[in-house]
Structures are given as C-alpha cells and as structure tokens.
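S.K.: what's the 3D shape of this:
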Amino acid sequence: MKTSLKIFALGLVLVGFGMNVNAQTGTSTLSTGGTAAANVVKALTMAQSTPMDFGTFAGLAGATSTVVLATSGSRSASTADIVGGNGVAGEFLLTGQSGSLVSITMPTSVTNLIGTGAAVGGDNMTITATTGWITDQANLASVTLTGGSITLKVGATLNVGIDQKVGPYAGTYTISVNYN
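M.R.: Coordinates of the predicted model:
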C-alpha cells in the first residue's frame, strides 16, 4: 500500500504541476471604458476694412528717404516731401470667441510695393517696421476679444529708393492671428 500511496501522491503532484503550467500560459483580457470631451469655439476671422495708404509724397533725387505711417494715419518723413494731409492706416476687423485671448503677429519680413503704372515699369519700394495697434492693448501677444471682435490698425515704414520712379505702387502684407 505504500507504493500505491506513493503513486497516488506522485499523481497529485503531477496534476498540480499541470494545473500550474496551464494557469501560467493562459491569457486574461481586461477592458474598461474611458471618457472624452471637447469644446468648440468660434473660428477666428479677419478681414481688411481699410487698406493701408502712405499717401502722396516726393522722394529725393540722389538719396533714399522714408515715409512713416502711424497707426493714427499721420505721416512723417525723413527727407521726403509729404504732399497733402494724412495717409491711412490699414484697418482689420478680427472676430472670434468672445472673451478669448489671441496673439497677433505683424509681418517681420520685408514687403514690396511694386510699381503698377506703365511709367513705373515694375520698380519697387519696401515696407519695413510694420506696427499694429488696438485701443487699450499694449501687447499684441495677448489680446482679449471683448464682445467677440476687435479692430486692429496697422502702420509701417515705407523705404523710398534713390530717384524712385514716379507713379502708383501696390502690394500686400500678411498678419497672423492665433488663439492663445
């Protein structure tokens, strides 16, 4: 009987090892649910309501000059002769989600005004040092859209070349706006 008992005990041990091996190789899948949320805000739009206009002026013969257009529309010049009154600052209407913060980036690269008249023949002038101004907003990197819209006025410096050809000039510039 001792032998039978040993064989029985050995059988139990082997069954235990077999169960243990099966438990180790089996797989277990655990699933759980998660949550998701979103908040959609009004898309930003910006449209030019008034084009920038440096007005009429006379450049110099034999030297460069500049015409500075302030965001108020007033003009000043270094050695150019201003003809007539003020120029016109560019003006844009920016709309978006009321109360949201946005950042406005003015052009940092040179923009060309290209001669459009036949006598000008594709000559150009460059706009640099573009500035933007919003009433009561000193920092264009953090502008609050109070009431969902705001007006941006844009001024710049126009660089007039030596013996700049007489005639009309036109060009474009880009302003970028993003939610903060």
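S.K.: give the contact list for the residue lying closest to residue 86 once chain neighbours are set aside.
M.R.: Using Cβ to Cβ, 6 or more residues apart in numbering and skipping residues adjacent in sequence, the residue nearest residue 86 is residue 73, 4.5 Å away. Yep, even glycine has a C-beta here, placed from its N, CA and C like the rest. Shown in contact with residue 73 (Cβ atoms under 8 Å, 6 or more residues apart in numbering): 86, 87, 88, 89.
S.K.: In strands only, show me those residues.
M.R.: Among those, DSSP state E puts none in strands.
S.K.: so, if you compare those, which one comes nearest to residue 31?
M.R.: Nearest to residue 31 among those, counting by Cβ to Cβ, is residue 89 at 61.1 Å.
S.K.: pLDDT value on that closest one, please?
M.R.: Residue 89 is assigned a pLDDT of 93 by the prediction.
S.K.: Check residue 107 too.
M.R.: pLDDT, residue 107: 85.
S.K.: Poorly predicted segments of the protein, please.
M.R.: Scanning the chain for pLDDT under 70 picks out 1-26, 135-138.
S.K.: All the helices of it, residue numbers only.
M.R.: 2-25 (DSSP state H).
S.K.: What are the boundaries of the strands in it?
M.R.: Here the chain has its strands, by DSSP E, at 45-50, 56-58, 65-69, 75-78, 81-83, 90-95, 101-105, 111-115, 124-133, 143-144, 149-160, 169-170, 176-179.
S.K.: Of those strands, which is nearest residue 32?
M.R.: Of all the strands of the chain, strand 176-179 sits nearest to residue 32, with 33.3 Å by Cβ to Cβ.
S.K.: any idea how far the closest one is from the chain center?
M.R.: 4 Å (Cα atoms, centre = their mean, to the nearest Å).
S.K.: who does that strand pair up with?
M.R.: Applying DSSP bridges to the sheet, strand 176-179 is found paired with strand 101-105 (antiparallel).
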